[in-house]
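>>> Sequence first, then the predicted structure, then my questions.
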Amino acid sequence: MRIAVIGAGSIGLLWASRLSRLPYEVTVLTHTTEQHKQIVQAGISCEELDGQVIHTNVKSCPIDDTSELPPFDIIFITVKQYQLKNVMGLVQCYSHPFTQILFWQNGLGHEEAIGELHYRPDTYVALTTEGAYRKTNTQVVHTGQGETWIGTFPHEEQWKPLLQDFIQTLQPIVISPIREEKMILKRMWEKLAVNAVINPLTTILEVPNGELLHVELENMMEKITVETCQVAKLVGVELDHSRTIKKIKEVCRLTSQNVSSMLQDVQGGKRTEIESINGAIIRYAKEHNIPVYYHEMLCTLVKAKEEHNKRNTSI
Ligand SMILES: NC(=O)C1=CN([C@@H]2O[C@H](COP(=O)(O)OP(=O)(O)OC[C@H]3O[C@@H](n4cnc5c(N)ncnc54)[C@H](OP(=O)(O)O)[C@@H]3O)[C@@H](O)[C@H]2O)C=CC1
Ligand SMILES: CC(C)(CO)C(=O)C(=O)O
């Protein structure tokens, strides 16, 4: 079975390493030729949670030289949400009508990307609370255990037999459970509601996730979440407000030492995923003509910080 991983960042390298421990033909599609050469030369090293480093070799191909590639049976898309539009052409070219395509992004926006595929492929959204961090172009650290839910999207159906068999073979090498989710849209909104609070607040305050529990933010978390639940309801997703707040606090506790992905991006002078998290909620709210002042304020502040840090890191 041929598998492609498009996007050799934190999640992409983690999965490329895992997949290459199984009898699959794995090809990593890199953004740059430089990273491709490094992967060909050094393979991928993955530091596991217990500190063990696993080294494997994988095939690699830079995205601007893909003419020799065969079509793939499974494609993992592991670019950021805002980079999706740039890879959908590749996905279209290197898939066949039975390819299983897995989107690993946080936030919302997959539907537009999937809409660019001009045939009806088997598309899935994979949501994970595992953590990974790319140390160098060939080294990745698995930073946090978690759970992964995979559901067919946008049409909620059962997993296809090919995916079912594939996930079964993966389970023994992945400590964290991978589960089939029949209501992936709801799960996406639940995760969105958590990210829409933790990511911007940790970014603005420049604190690790756990710190949000020790400052006077209870009221702010409540207000943001009220808005999220209202918008979710308008798109047909029922989120329970108090369960959501409980979940947000639980995630802050469980990931207390984590630097959120948004804060990491800002600190690295990179673009954040704010547009597909709070920005997505704002867009849905606009469609339904309801105000979401808290999300707008968070979005504006994070974008200002993004700009500021980008300018400072490029000086
Ligand atoms: N990291 C984590 O722990 C978690 C991440 N996620 C989600 O997973 C997604 C990926 O996150 P993460 O791995 O951290 O992000 P990274 O930025 O580490 O990885 C994205 C990768 O995609 C590459 N890329 C960008 N554009 C293209 C392109 N056109 N073609 C091929 N590759 C491209 C980037 O290359 P370059 O850097 O050279 O631009 C980078 O290597 C996000 O949506 C995130 O929210 C979800 C849960 C946990
Ligand atoms: C769950 C959380 C907040 C963990 O840091 C995350 O998903 C992120 O940082 O993007």
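Thanks, I have the structure now. Ligands and ions are numbered 1, 2, ... in the order given.
>>> Of all the residues in the stretch 51-200 of the chain, which one is nearest ligand 2?
Using CB to the nearest ligand atom, Ile198 is the residue of the stretch 51-200 of the chain that sits closest to ligand 2, at 4.2 Å. Quick note: C-beta positions are derived from backbone N, CA and C, even for glycine.
>>> Looking at that residue now. What's its pLDDT?
At Ile198, the model reports a pLDDT of 97.
>>> right, and it touches Leu212 too?
Yes. At 6.5 Å, Ile198 counts as touching Leu212 under the criterion of CB atoms under 8 Å.
>>> In contact with Lys233, which residues?
Leu239 (CB atoms under 8 Å, 6 or more residues apart in numbering).
>>> and it, helix, strand or coil?
helix (DSSP: H, G, I helix; E, B strand; the rest coil).
>>> Residues that sit against both of Ile198 and Leu212, list them.
Listed as contacting both Ile198 and Leu212 by CB under 8 Å, 6+ apart are Cys252.
>>> Show me what from the stretch 201-315 of the chain comes close to ligand 2.
209, 251, 255, 258, 260-261 (CB under 6 Å from any ligand atom).
>>> Where does the residue of the stretch 51-200 of the chain closest to ligand 2 sit: helix, strand or coil?
In terms of secondary structure, Ile198 is helix; the call rests on three-state DSSP.
>>> State the helix or strand in which Glu296 lies.
For Glu296, the enclosing helix or strand under DSSP states H and E is helix 293-314.
>>> what's stretch 86-104 in contact with?
Here stretch 86-104 has contacts from 4, 6-7, 11, 15, 29, 63, 66, 69-79, 84, 110, 113-114, 116-119, 121-126, 128, 150, 153, 160, 162-163, 166, using CB under 8 Å, 6+ apart.
>>> next one: stretch 28-41 to chain centre, how far?
Here the centre of mass of C-alpha atoms in stretch 28-41, compared against the chain's by CA atoms, centre = their mean, to the nearest Å, lies 21 Å away.
>>> Alpha carbons of it, as PDB, please.
Extracted in PDB, the C-alpha atoms of stretch 28-41 (Å, rounded to 0.1, in the frame of the first residue of the first chain):
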ATOM      1  CA  VAL A  28       6.900  12.400   2.500                       C
ATOM      2  CA  LEU A  29       6.100  15.400   0.300                       C
ATOM      3  CA  THR A  30       8.300  18.300   1.500                       C
ATOM      4  CA  HIS A  31       7.700  22.000   1.000                       C
ATOM      5  CA  THR A  32      11.400  22.600   0.200                       C
ATOM      6  CA  THR A  33      14.100  20.700  -1.700                       C
ATOM      7  CA  GLU A  34      16.500  21.300   1.200                       C
ATOM      8  CA  GLN A  35      14.300  19.300   3.600                       C
ATOM      9  CA  HIS A  36      13.800  16.600   1.000                       C
ATOM     10  CA  LYS A  37      17.600  16.200   0.600                       C
ATOM     11  CA  GLN A  38      18.000  16.100   4.400                       C
ATOM     12  CA  ILE A  39      15.400  13.400   4.800                       C
ATOM     13  CA  VAL A  40      16.900  11.300   2.000                       C
ATOM     14  CA  GLN A  41      20.300  11.600   3.700                       C
END
